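Engineer: Following is a predicted model, sequence given first.
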Amino acid sequence: MRKELGLLAEVLKQIHGKELPVVVLIDELDRCRPNYAIEMLEVIKHFFTTKNFVFVVATDTTQLQESIRSVYGSNFDSNTYLKRFFNREARLAEPDLEYYLKLQEVDLTPYSEKVVLYPNLTNNRENNIRQYIIWVAKAYELSLRDVDQTIDKINACLRGALYAEQSSNKVQVINIFSLLLGIVEFDLKNTSFDERKNDKPCIDGGLYKHNISLDSHSENVFSELYELNMYNSVKHSIEFQDGWGENQKGLVYGTHIKAKGKDYDHYKGIIKKVANEIDSSFFNFNQQKDEVKIWLWPDYQKVIKLAGNLD
């Protein structure tokens, strides 16, 4: 077989004018079943010495080593095992997430005036979404594949919001960070996704791995952004006296003065801006109850659960 392949390479060069060597690319071997990945390596190694052929295996080496250990045992030296197959190893630099997201198309044109996204960081809605994705991706250590899937689900959710606007004739008001966080929590099977409800915003940590800084102010870290938005994704119970002096109970938004949310007046930078954006959004849109629908956690849950099934 190796001899025949070598002859094929010569034919490609002499008759068809192709440059040698012939490069054979093998990708995503690490995503195969462990047994299959090892069997594939054992088979193709017999062709590595084929004249005028070069085999390039693109893989997540760490994951491939895990696959090997799952077959041969946790104490097996998978690194030495792989060196039996490859003459040379090249490592690609870690991808630049911010540059990658700049290349991704985020088209919000179909939702203009029908779906309102808040809290804004800048006047550019597309850049706002990109920045939130960057923070969440870094905090949760999302891969580029995870980011791609998350963007697809955001688009699916927004299409669902557009349908809701058309069927109810009410502008849909959506906290884009809460939507993004909900998608990630759902994918990671975080119990907070199902347990979050009125009076229970589930703001005691989350599954994020890195409490990253958001700007130059030391207090502005991811946990603060998480808590601020999750607290305002549900309603909160309050007690008050009605006009007749009777004690009553009711549910209010997290921005209500009696909701006993955190005071962000002393904050600066990103957290202060986001807090002000949330406060003004609830105040302005709550005056238009007959014309708008302000999303709360049950709305996010419903659309996120369907997002994976939408085309």
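Structural biologist: Structure received. Remember, it's a predicted structure, so these values are computed and weren't measured experimentally. Residues are numbered from 1 along each chain as shown.
Engineer: Please enumerate residues in contact with the helix or strand V57 falls within?
Structural biologist: Secondary structure here is read from DSSP states H and E; on that basis V57 sits in strand 53-58. Outside of strand 53-58, the residues within contact range by Cβ atoms under 8 Å, 6 or more residues apart in numbering are 5-6, 9, 21-29, 44, 47-48, 85-86. Any C-beta I mention is one placed from the backbone N, CA and C, and that applies to glycine too.
Engineer: I only care about those residues that end up buried; give me the PyMOL line for that.
Structural biologist: To isolate the buried subset of those in PyMOL, counting by 16 or more other Cβ atoms under 10 Å, use the following:
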select buried, resi 9+22+29
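Engineer: So which of the contacts of strand 53-58 are in helices?
Structural biologist: L5, G6, A9, I44 (DSSP state H).
Engineer: Return the member of those residues nearest to L181.
Structural biologist: Distance to L181, by Cβ to Cβ, is smallest for I44 among these, at 42.7 Å.
Engineer: Quick check: the closest one vs E239, distance?
Structural biologist: If you measure I44 against E239 using Cβ to Cβ, to the nearest Å, the figure is 71 Å.
Engineer: In terms of helices and strands, where is E19?
Structural biologist: With DSSP H and E as the criterion, the answer for E19 is that it lies in no helix or strand.
Engineer: residues touching the closest residue to S67 other than its chain neighbours, list them.
Structural biologist: Using Cβ to Cβ, 6 or more residues apart in numbering and skipping residues adjacent in sequence, the residue nearest S67 is P34, 3.9 Å away. Counting by Cβ under 8 Å, 6+ apart, P34 makes contact with S67, I68, S70, V71.
Engineer: 6 Å - rerun?
Structural biologist: Each residue near P34 by Cβ atoms under 6 Å, 6 or more residues apart in numbering is listed here: S67, S70, V71.
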